[in-house]
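> Build me a model:
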Amino acid sequence: MKNTRGFTLLELLVSIGIAAVVLTGLASAVASQSRSAIYTLGSADMSQDARSAVDLFKRDVRMAGYSMGAVPTATLAPIVVNANAAGELYHITLRGNYLNVNSTGSAAAATSVVTLDATAVPACGTLTFTAGKRLSFESQILGVAEVGTITAWTPGTCQITLAAPLVQSYGAGSPVHQIDDLVYILTNTGLLRRNGDPVADGLTLSNALQVSYVLSDGSTTSDPAASLDILRAATIRMIATGTNNSGLTPQADTSTQVRIRNLAIATAPLETP
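You can find the predicted model right below:
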């Protein structure tokens, strides 16, 4: 005869208690693993974003001063650390021929029209000079350049009109370079913008973007305005912080060093990856 005896109430309560302990432990482990996964993925995403932003900023800092070797820094500085406006934590302007718009031309003194050489390479018809941007017109005889603001570009006649007359005359073959401004602004909301376009977010600390400039004697400064002639390199550090999730906060900390190679400097420290 089969034994049809079931569980006693005590046995049932013990079983339920054991199951509850096991399930509680399992739920805690799952929750912990979930938090850890969110933290790991968040940190990885933030690291990638911060690294991409640092690489972009590094490239632009490296190219500061490109095609501006003949322009006196007192006339137009290639690196300007601006005073912060309301809502800004960091504000810097980088200048250079970032779009690589170059040619040669000629102009008479006291005129505001630059005529590009018909035999210049690339041909003027393939170039685009932009109104509102600056133009560097270099005198190869004097080894210096005047800087003017472009008001019009006429490809058909290969002529650039400047806002003000030139002081001196320039013979055919004088180098012509367009100068672009790249403005980086870190807002107090943690958003880093490049000429108005967002390139990174989550930079919520007051020291989230740190830039230090290395001089020829090995000393550093946060503003190279008075030391552009002995500027050698820059160290860049970016810190991004994500949203706290049950005590875990994703964070990315990226740093690099870059040689600033377009300021007519003969030697500089090696770059680090």
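> Can you mark which positions in stretch 91-101 are buried?
Along stretch 91-101, the positions that meet the burial threshold by neighbour count (16 or more other CB atoms under 10 Å) are 91-98, 101. For the C-beta atoms, the positions are set from N, CA and C on the backbone; glycine is no exception.
> no no, stretch 140-153
Buried residues in stretch 140-153, counted by 16+ other CB under 10 Å: 145-148, 150, 153.
> ditto for stretch 80-92
Of the residues in stretch 80-92, 80-81, 89-92 count as buried by neighbour count, 16+ other CB under 10 Å.
> Widest-spaced pair of the residues you listed?
Of all pairs drawn from those, the greatest distance, 16.6 Å, lies between 80 and 89 (CB to CB).
> Show me the helices in the protein, by range?
Secondary structure of the chain (DSSP state H): helices located at 9-62.
> coming back round to it: among the buried residues of stretch 140-153, find me the one that's closest to residue 205.
residue 147 (37.2 Å).
> Isn't that closest one up against residue 75?
Yes. With contact defined as CB atoms under 8 Å, residue 147 counts as touching residue 75 (5.7 Å).
> In the beta-sheet assignment, what are the partners of residue 90?
Beta-bridge partners for residue 90, by DSSP bridges, are residue 186.
> I'd say it and residue 183 touch.
No. Taking contacts as CB under 8 Å, residue 90 lies outside contact range of residue 183: 11.1 Å.
> so can I have TSV of the buried residues of stretch 91-101 showing pLDDT and distance to residue 192?
Formatted as TSV, these follow (pLDDT from 0 to 100; distance: CB to CB, whole Å):
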residue	pLDDT	distance to residue 192
91	96	11
92	96	11
93	97	14
94	97	14
95	96	19
96	95	20
97	96	24
98	96	18
101	96	26
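> Can you list the low-confidence ranges for the stretch 1-150 of the chain?
Across the stretch 1-150 of the chain, the ranges flagged by pLDDT under 70 are 1-7, 9-12, 14, 25-46.
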